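S.K.: Give the three-dimensional model of this entry:
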Amino acid sequence: MPEHKNGGASRAAAKRTTSASSETSPRSHRRSEYDDTAPAMPARRKRQYLIGVRPVISFAQQPADAIHDALNHIEDIEILRRLRRRGLQGLGATALPGEQEVVVVRMDEKRAEALRQSAPLHVLIEQDVRLSTGQGLLPIPFAAPWFGRTIPSPRRRKELRFYILGEDEKPLSDTSITVFSKAFAAQAITDSHGAASVAIFDAESDIDDIRAVYVQPAANHWECFVQDPALDPNEANVIKLNPLFSAGKPSEERRTPWPIKVMNLDRPQLALTGAGVKIGLIDTGCDNNHPLLRHITRGVDLTRSGTKEWTQDEIGQGTHCAGIIAGTGGTVPGQSGIAPAAEIHVFKLSPGGHFSDLIEALDQCIERQLDIVHLGVGCPQISELVTHKILEARLKGVACIAAAGDTGGPAQFPASVPGVLSVSAIGKLNEYPQDTHHGLTAIPELVGPSGLFATNFSASGPQIGLCAPGVAVISSVPGGGLAARDGTAVAAAHVVGFAALVVAHHPLFRGVYQTRSEQRVTALIELLRGSAVAPVFDPLRVGAGLPDILRVPGLGSTDVEAWSNLAQNFGVFAGAREIFQDRLPIGVPRPDLAGAMALMQLRANGLI
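M.R.: The predicted structure is shown next:
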């Protein structure tokens with residue numbers, strides 16, 4: 001029957017079609033993997049960008065609303081927020097550099113590059129890069145060659161067990177254990193029993209190739225750094241750490257910390273407290289539940305993590321630096337900060353903060369009329385928009401003092417910005433146990449006669465303004481304890497505290513420089529540099545040197561009028577230095593001409 005034939009033909013055709021589909025399905029599947037319409041690969045992650053206007057004094061600025069409205073009409077651009085200027089307002093076209101509004105957006109790289117190509121020259125489009133803190137906590141000589149290498153092909157793993165003890169054989173919890181090998185670096189944290197297991201690859205060669213074990217306690221004990229350790233793969237490896245201060249000899253061991261002594265800050269007759277000075281701490285937050293830091297009550301979390309808890313310091317650097325600057329001492333002898341009466345404003349920018357958050361923090365520092373800012377965050381990339389904001393802060397009397405960086409290379413951003421006082425880190429021999437990694441930071445050929453040394457992790461270059469203690473410095477850490485830490489942020493904290501004493505107690509800042517201005521910042525930096533003594537002969541590593549409070553001329557003087565008269569020429573000294581330095585060949589060390597001329601004037605007026 002026709003119906004039967006047709007039906008048979010249809011079934012045969014269907015069978016052939018099915019068979020053909022079965023045969024070609026693998027090919028079809030392979031083609032779909034490379035088809036542009038198929039979601040074979042995840043979409044590229046969008047990034048944050050800053051869009052602002054390069055300040056040009058002689059021309060009227062393009063209204064910020066016009067830029068915002070133009071961005072708002074582009075579909076694949078997400079506007080996150082607008083950073084509006086705070087505090088004193090500029091006057092139209094004469095607005096100071098940095099005062100223009102900045103728009104924070106999210107878009108992909110292709111869109112950002114297209115905008116750069118089409119934008120006018122005065123419109124800046126920069127990536128909103130994430131900021132980081134110092135790396136001085138790592139044993140750089142051992143971490144650098146191996147850390148971050150590709151791990152070999154996966155194999156069956158083995159656990160290296162550790163047991164960490166402290167004073168009186170008590171187990172230490174929350175202690176970090178890092179194992180460094182040729183091919184990998186592995187880490188673990190001890191539990192409440194002081195035990196931890198570090199996963200390595202199950203091969204005898206892996207254990208033989210372990211070069212070092214680095215043990216870093218949470219608080220109250222010295223770290224331990226063991227090179228070429230003999231580790232037992234089958235039993236727990238017991239490591240005992242030395243306490244920072246032995247309970248049996250508190251009066252003998254809790255002596256004046258070495259950073260205080262080398263800067264001559266242990267002079268009770270000076271009676272310097274830093275009262276009346278306002279300091280901004282742009283860092284990782286601050287645990288104000290610490291007994292030494294309970295007087296710190298002003299802060300803000302700008303990391304946009306959602307918690308808004310500036311008192312939660314996950315990294316610990318901000319709490320450590322706050323103790324150096326303004327710890328109140330409490331019941332811990334020898335642990336008072338340099339300027340314990342100073343007013344601290346905390347701006348948490350790490351972990352998670354970006355350039356945009358740094359701009360907002362600096363805006364708030366300007367609005368709150370702070371005197372000094374500690375910049376403990378940095379980045380290898382630069383930002384012209386952040387640079388403009390730093391310049392605005394200086395013009396409005398805010399002195400920015402920054403960590404030079406802990407990478408061992410050139411000064412990081414923003415320490416590299418002209419007008420920022422960049423601080424490198426130095427150490428001192430025999431101020432730490434020999435089984436720690438602190439001694440490995442010393443550059444042997446750059447050890448001075450007093451035992452002070454330049455460090456291999458600290459940034460260097462012509463941008464370095466001063467150096468300060470940044471190795472084995474004992475200060476507060478989150479949770480209420482103390483710890484010895486390294487880093488240029490630690491060094492910068494010493495200079496910030498030192499500067500607070502100068503601003504609070506020098507007659508220049510009670511007289512002609514009482515009002516915040518760029519001249520005020522210049523005068524402060526010149527006094528700091530003029531007081532410095534080079535611990536080692538290498539200006540690229542230590543700048544003008546280590547500040548000495550006894551070398552600050554006129555500090556504590558009550559003759560405000562005489563110093564105010566002298567200060568009328570202070571700006572000329574600074575200008576002469578810049579002109580003279582610009583005429584020197586590249587590579588020739590720049591002399592501190594302004595400091596020398598100021599000292600000559602001081603002697604001529606009988607003030608020193």
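S.K.: For the residue nearest to Leu375 when sequence neighbours are not counted, give me its contacts.
M.R.: Nearest residue to Leu375, sequence neighbours excluded (CB to CB, 6 or more residues apart in numbering): Ala402, at 3.8 Å. All C-beta spots, glycine's among them, are computed from the backbone N, C-alpha and C. Applying CB atoms under 8 Å, 6 or more residues apart in numbering, one finds that Ala402 lies in contact with His374, Leu375, Gly376, Gly378, Pro414, Ala415, Val417, Val420, Leu421, Ser422, Val423, Ala492.
S.K.: before we move on, which element is Ala402 in?
M.R.: strand 399-403 (DSSP states H and E).
S.K.: ok so, going back, out of the contacts of Ala402, which sit inside helices?
M.R.: Ala492 (DSSP state H).
S.K.: Can you add neighbour count and distance to Ala271 and give the contacts of Ala402 back as CSV?
M.R.: Formatted as CSV, these follow (neighbours: other CB atoms under 10 Å; distance: CB to CB, whole Å):
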residue, neighbour count, distance to Ala271
His374, 29, 24
Leu375, 31, 29
Gly376, 30, 29
Gly378, 27, 35
Pro414, 27, 34
Ala415, 27, 32
Val417, 21, 35
Val420, 26, 30
Leu421, 27, 26
Ser422, 29, 30
Val423, 35, 26
Ala492, 31, 25
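S.K.: Flag the shaky bits of this protein, pLDDT-wise.
M.R.: Within the chain, the segments meeting pLDDT under 70 span 1-43, 56-64, 86-99, 135-156, 202-206, 247-254, 305-308, 329-334, 556-608.
S.K.: domain parsing for it?
M.R.: 47-127, 140-240, 253-604 (automatic domain parsing).
S.K.: how about the strands of the stretch 151-300 of the chain, start to end?
M.R.: For the stretch 151-300 of the chain, the strands defined by DSSP state E, counting those that start in this stretch cover 157-165, 176-181, 185-189, 195-201, 210-216, 224-227, 237-240, 278-283, 298-301.
S.K.: wait, which of those strands is closest to Pro340?
M.R.: Nearest to Pro340, of all the strands of the stretch 151-300 of the chain, is strand 278-283, at 11.7 Å by CB to CB.
S.K.: Report all helices and strands that that closest one contacts.
M.R.: Packing partners of strand 278-283 (3 or more CB pairs under 8 Å, 6 or more residues apart in numbering; DSSP states H and E): helix 317-326, strand 343-348, helix 355-367, strand 372-375, helix 488-505.
S.K.: Could I have the CA atoms of the shortest one written out in PDB?
M.R.: Meaning strand 372-375. C-alpha atoms of strand 372-375 as PDB (Å, rounded to 0.1, in the frame of the first residue of the first chain):
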ATOM      1  CA  ILE A 372      50.700  64.300  59.200                       C
ATOM      2  CA  VAL A 373      49.700  61.200  57.300                       C
ATOM      3  CA  HIS A 374      51.300  57.800  57.500                       C
ATOM      4  CA  LEU A 375      51.100  56.000  54.100                       C
END
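S.K.: got the contact list for the very next helix or strand once past it?
M.R.: The helix or strand immediately downstream of strand 372-375 is helix 384-395, counting by DSSP H and E. With CB under 8 Å, 6+ apart as the test, helix 384-395 has contacts from 50, 52, 54-55, 96-100, 102, 124, 126, 355, 358-359, 362-363, 365-366, 373, 400, 413-414, 417, 419-420, 517-518, 521.
S.K.: relative orientation of helix 384-395 and helix 355-367 in degrees?
M.R.: Relative orientation of helix 384-395 versus helix 355-367 (axes from the mean of the first three to the mean of the last three CA atoms, to 10 degrees): 10 degrees.
S.K.: Quick check: buried residues in helix 384-395?
M.R.: Leu385, Val386, Thr387, His388, Lys389, Ile390, Leu391, Glu392, Ala393, Arg394, Leu395 (16 or more other CB atoms under 10 Å).
S.K.: residue boundaries of the helices in the stretch 51-200 of the chain?
M.R.: Assigned by DSSP state H, counting those that start in this stretch, the helices in the stretch 51-200 of the chain fall at 64-72, 109-118, 140-146.
S.K.: what's the first one packed up against?
M.R.: This points to helix 64-72. strand 47-53, strand 78-83, strand 102-107.
S.K.: So which elements touch the longest one?
M.R.: The criterion is 3+ CB pairs under 8 Å, 6+ apart, and the helices and strands that strand 47-53 contacts are helix 64-72, strand 102-107, helix 109-118, strand 123-127, helix 355-367, helix 384-395.
S.K.: want to throw those into TSV with distance to Asp208?
M.R.: Formatted as TSV, those follow (distance: least, CB to CB, whole Å):
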stretch	distance to Asp208
helix 64-72	58
strand 102-107	49
helix 109-118	45
strand 123-127	44
helix 355-367	45
helix 384-395	48
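S.K.: For Ile338, find the nearest of the ones you listed.
M.R.: Comparing these by CB to CB, helix 355-367 comes nearest, at 19.8 Å.
S.K.: what residues does that closest one touch?
M.R.: With CB under 8 Å, 6+ apart as the criterion, helix 355-367 contacts 48, 50, 81, 83, 85-88, 102, 104, 126, 128-129, 131, 280, 282, 300, 302-304, 345, 347, 349, 373, 377, 379, 383, 385-386, 389-390, 392-393, 396, 398, 414.
S.K.: switch the cut-off to 6 Å
M.R.: 50, 83, 86-87, 104, 128-129, 280, 282, 302, 347, 349, 373, 383, 386, 389, 393, 396, 398 (CB atoms under 6 Å, 6 or more residues apart in numbering).
S.K.: Leu362 versus the closest residue to Arg130 other than its chain neighbours, what's the distance?
M.R.: Nearest residue to Arg130, sequence neighbours excluded (CB to CB, 6+ apart): His354, at 5.4 Å. For His354, the distance to Leu362 equals 13 Å [CB to CB, to the nearest Å].
S.K.: between these two, who's got more neighbours?
M.R.: Taking other CB atoms under 10 Å, His354 and Leu362 do not tie; Leu362 has more neighbours (26 against 22).
S.K.: how about the helices in the stretch 451-600 of the chain?
M.R.: Counting by DSSP H, counting those that start in this stretch, the segments of the stretch 451-600 of the chain that form helices are 488-505, 518-530, 539-542, 560-567, 570-582, 593-604.
S.K.: His290 is in contact with Gly481, isn't it?
M.R.: No - under the criterion of CB atoms under 6 Å, His290 is not in contact with Gly481, lying 8.4 Å apart.
S.K.: still on that earlier bit, how about the contacts of Ala402 in TSV, adding distance to Gly274?
M.R.: TSV is the format used below for the contacts of Ala402 (distance: CB to CB, whole Å):
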residue	distance to Gly274
His374	13
Leu375	19
Gly376	18
Gly378	25
Pro414	24
Ala415	23
Val417	25
Val420	21
Leu421	17
Ser422	22
Val423	18
Ala492	16
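S.K.: So which of the contacts of Ala402 is the closest to Ile464?
M.R.: Of all the contacts of Ala402, Ile464 sits closest to Ser422, with 5.3 Å by CB to CB.
S.K.: bridging residues for the closest one?
M.R.: In this entry, Ser422 is beta-bridged to Ala402, Ile464, by DSSP bridges.
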